[in-house]
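coords please:
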Amino acid sequence: MSSMKLELDNAEMMARKRLARRMVDFETIYVLHRDDRKGCLLLLALEEEQWRILESVSLDHAKNRMEELREMPIDKEGIEAIRMALKHWSAEKPPGRPAKYDPDREGQEIFVYHVYGGKTIRAIAKEFQMGPATVQKLLNRVRFKVADQFVSGELPLKPDAPNYEQNIGVLRWAIKNSAGETRAKYAEFVKSTLSDI
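Purely as a prediction, here's the structure:
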């Protein structure tokens, strides 16, 4: 990982106003990842002896989306994890067509839009410019992941939460679409959760 001064042209400065204002506070900035097609920029920045991860997503007028800027402080162990990840990412990629999307990022968005927002698979496919089968695949992957997080206690499942019914629906979907021990695990969790109410 080598030091790199981040240069933004005038168009990017307009699209990344929050980042441009924030850049003056940093002593050093490393560019970890850049995806111009999606307008994403992932940075590692040093501010007064505190390392921070910044994710900047530029304006997308076609989708009526404003700039997003997220920051997260990071410790020395986190820096090491980033170095290892960068080493892995920079390894030679196998030949093949590159993915048009990030399964984790788009999968989470699709899950939220469909499960909590009530959007149809077809509407999501049109918005994300994907086939309905791809949307369904990503949605199902995240459904299982979220169901596992409920079972492990990583995500709380509270009856007074506004999305409680949708969350129970995710678990019921996981029961219906799994088999064997996995299905039994989900079913037991739902049974014990509903009997606690």
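
what helix or strand is G169 on?
Using DSSP states H and E, G169 sits within helix 164-176.

now what about that helix, what contacts it?
Contact partners of helix 164-176, identified using C-beta atoms under 8 Å, 6 or more residues apart in numbering, comprise 115-116, 143-144, 146-147, 150, 157-158, 161, 183, 186-187, 189-190, 193-194. For every residue, glycine as well, the C-beta is placed using N, CA and C.

distance between that helix and the chain's centre?
Mean-position distance between helix 164-176 and its chain equals 21 Å (C-alpha atoms, centre = their mean, to the nearest Å).

Please apply the same query to stretch 137-152.
Once both centres are worked out by C-alpha atoms, centre = their mean, stretch 137-152 turns out to sit 13 Å from its chain's centre.

List the buried residues of it.
Using 16 or more other C-beta atoms under 10 Å as the test for burial, stretch 137-152 gives L138, L139, N140, V142, R143, F144, K145, V146, A147, D148, F150, V151.

How about stretch 163-175?
Neighbour counts over stretch 163-175 (16+ other C-beta under 10 Å) mark N167, I168, V170, L171, W173, A174, I175 as buried.

By mean pLDDT, point me to the weakest helix or strand of this structure.
Here the helix or strand of the chain ranked lowest by mean pLDDT, DSSP states H and E is helix 76-90, holding a mean of 65.
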